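A.B. asks: Turn this into a model:
(one chain, ligands or ions: 1)
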Amino acid sequence: MMNIVPLKYEDDRLFLLDQTKLPGEEVFVEIKTAEDIYDAIKKLVVRGAPAIGVAAAYGLYVSMRGYQRGDISEFLDLTKNTVDYINSSRPTAVNLSWALKRVLDRIASSRTVSQAKADMLDEAEIIRRMDVESCLAMGELGLSLLKPQMGILTHCNAGTIATAQYGTCLAPIHLGQERGYDFKVFADETRPLLQGARLTSWELEKAGVDVTLICDNMVATVMKEGKIDAVVVGCDRMAANGDGANKIGTLQVAVLAKEYGIPFYMFVPTSTIDLDTKAGADIEIELRAAEEIKNLWYEKQMAPDRVKAYNPAFDVTDNKYITAVITEKGIVRPPFDKGLREVMNRK
Ligand code: MRU
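C.D. replies: Here you go, the predicted structure:
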């Protein structure tokens, strides 16, 4: 399966694959400080909910390990401040606060500063390994819903570099590729940051998958033409009632899938399920700079200077549009409130 990863921790140094440079350049940047990891998350050097969580956990460790004094309570206070700072980099994906909280909970009982540092690193590695295993499990479960030769539409990138490895909704595509399923995948480009064009088509093409790139406004057409048998997408935060926030544009894909009778599968590791958030309306949606719409990928600015631009980075797909939620612990079907609670309690 896919051996590309978004993060490397080697010889005590943390490196992130700079996803803003893909597909043109595959370069890693080193993360040394809290500011480095904050910026990397904010600027989408590392992106995708699970990958953000894993990177934040390692980033917290590398930014705290330079602490020299032996005062454990001061160390815990400083770590808590650093967690609040890193948490403020992006609001929507719950994996960020989930991973940082795991690290804080883990070190709460550390007796010395050196023990706390070792525990932090150990917890980051546990989070990374858990994510790899969870992606593999979602790959198998997801594949059980798909049939050979299917046409599959995906939005944004919930692939290997959006996770610790293998991806959430792209994991079954990679597994299917190994097992001769011969899927025909359609990746929409995912304006404005083009994760579909720059990342998904790059990743699937590298894996030898039959992938076709379309513009976001062609989704209805390929569905109407009968080219799509299933939609697979990732998630940034799923509320207790099954409403799922994901990359802007997911909602319109889901609404169209319902109209054309196409199953819509959302891949949601339990680290992305937030039972403390009741419904989609309670999820904070990140607003990003107008510049991303007006000129980021253009040689020349493509909109008048003074025009206003509205750039929400995510939208919420209402649970009524979701056919099934694929977690690493099982597939959840409506009613989601009951099913999600059950799956969260499963060992
Ligand atoms: O803004 P991004 O690129 O971080 O948004 C990513 C997505 O919306 C993904 O679909 C989601 O995080 C799931 S990644 C497995």
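A.B. asks: For the rest of this, base every contact and every neighbour count on C-alpha atoms.
C.D. replies: OK.
A.B. asks: wait, what's in contact with residue 207?
C.D. replies: By Cα atoms under 8 Å, 6 or more residues apart in numbering, the residues touching residue 207 are 2, 174, 177.
A.B. asks: of all the residues you listed, which comes closest to residue 168?
C.D. replies: Taking Cα to Cα as the measure, residue 168 lies nearest residue 174 of these, at 10.4 Å.
A.B. asks: Sticking with the closest one, tell me its helix or strand.
C.D. replies: Using DSSP states H and E, residue 174 sits in helix 171-178.
A.B. asks: which residues are in contact with that helix?
C.D. replies: Residues outside helix 171-178 that contact it (Cα under 8 Å, 6+ apart): 1-2, 135-136, 138-143, 148, 159-160, 166, 182-183, 204, 207-209.
A.B. asks: where does this protein come near the ligand, residue by residue?
C.D. replies: Counting by Cα under 6 Å from any ligand atom, the chain comes close to the ligand at 47-50, 156-158, 162-163, 167-168, 234-236, 246-247.
A.B. asks: quick one on the thing from earlier: in strands, which of the contacts of helix 171-178 appear?
C.D. replies: If you go by DSSP state E, the contacts of helix 171-178 have nothing in strands.
A.B. asks: of those residues, buried ones?
C.D. replies: Those of the contacts of helix 171-178 that meet the buried threshold are 2, 135-136, 138-143, 159-160, 166, 182-183, 204, 207, 209, by 16 or more other Cα atoms under 10 Å.
A.B. asks: pretty sure residue 233 contacts residue 265?
C.D. replies: Yes: taking Cα atoms under 8 Å as the definition, residue 233 is a contact partner of residue 265 at 6.5 Å.
A.B. asks: Pull the contacting residues for the closest residue to residue 48 other than its chain neighbours.
C.D. replies: Excluding its sequence neighbours, the residue lying closest to residue 48 (Cα to Cα, 6 or more residues apart in numbering) is residue 162, at 4.0 Å. Contacts for residue 162 were tallied using Cα under 8 Å, 6+ apart; they are 6, 46, 47, 48, 49, 50, 51, 52.
A.B. asks: who does residue 184 bridge with?
C.D. replies: For residue 184, the beta-bridge partners under DSSP bridges are residue 151, residue 210.
A.B. asks: and it, what does it touch?
C.D. replies: 149, 150, 151, 152, 209, 210, 211, 212.
A.B. asks: how much space between it and the ligand?
C.D. replies: Separation of residue 184 from the ligand (Cα to the nearest ligand atom, to the nearest Å): 20 Å.
A.B. asks: Distance check, that residue against residue 140.
C.D. replies: Distance from residue 184 to residue 140, counting by Cα to Cα, to the nearest Å: 18 Å.
A.B. asks: Now the stretch 51-200 of the chain against the ligand: closest residue?
C.D. replies: With Cα to the nearest ligand atom, the shortest gap between the stretch 51-200 of the chain and the ligand falls at residue 158, namely 3.7 Å.
A.B. asks: Would you check that that residue makes contact with residue 47?
C.D. replies: No: here residue 158 lies out of contact with residue 47, judged by Cα under 8 Å, at a distance of 9.5 Å.
A.B. asks: How about the stretch 201-347 of the chain: which residue is closest to the ligand?
C.D. replies: Closest point on the stretch 201-347 of the chain to the ligand, by Cα to the nearest ligand atom, is residue 247, at 3.6 Å.
A.B. asks: The nearest residue to that residue once chain neighbours are set aside: what's it in contact with?
C.D. replies: Spatially, and ignoring its direct neighbours in sequence, residue 247 is nearest to residue 314 (4.3 Å; Cα to Cα, 6+ apart). By Cα under 8 Å, 6+ apart, residue 314 lies in contact with 92, 245, 246, 247, 248, 249, 285, 286.
A.B. asks: So which of these are in strands?
C.D. replies: 245, 246, 247.
A.B. asks: The first one: neighbouring residues, count only.
C.D. replies: Residue 245 has 28 neighbours, counted by other Cα atoms under 10 Å.
A.B. asks: now swap in the second one and tell me
C.D. replies: Each residue near residue 246 was counted by other Cα under 10 Å, and the total is 28.
A.B. asks: next one: residue 312
C.D. replies: Quick note: residue 312 (other Cα under 10 Å) scores 15 neighbours.
A.B. asks: again with residue 156
C.D. replies: If you count neighbours by other Cα under 10 Å, residue 156 ends up with 27.
A.B. asks: Chain neighbours aside, what residue packs nearest to it?
C.D. replies: Nearest to residue 156 is residue 196, by Cα to Cα, 6+ apart, at 4.5 Å.
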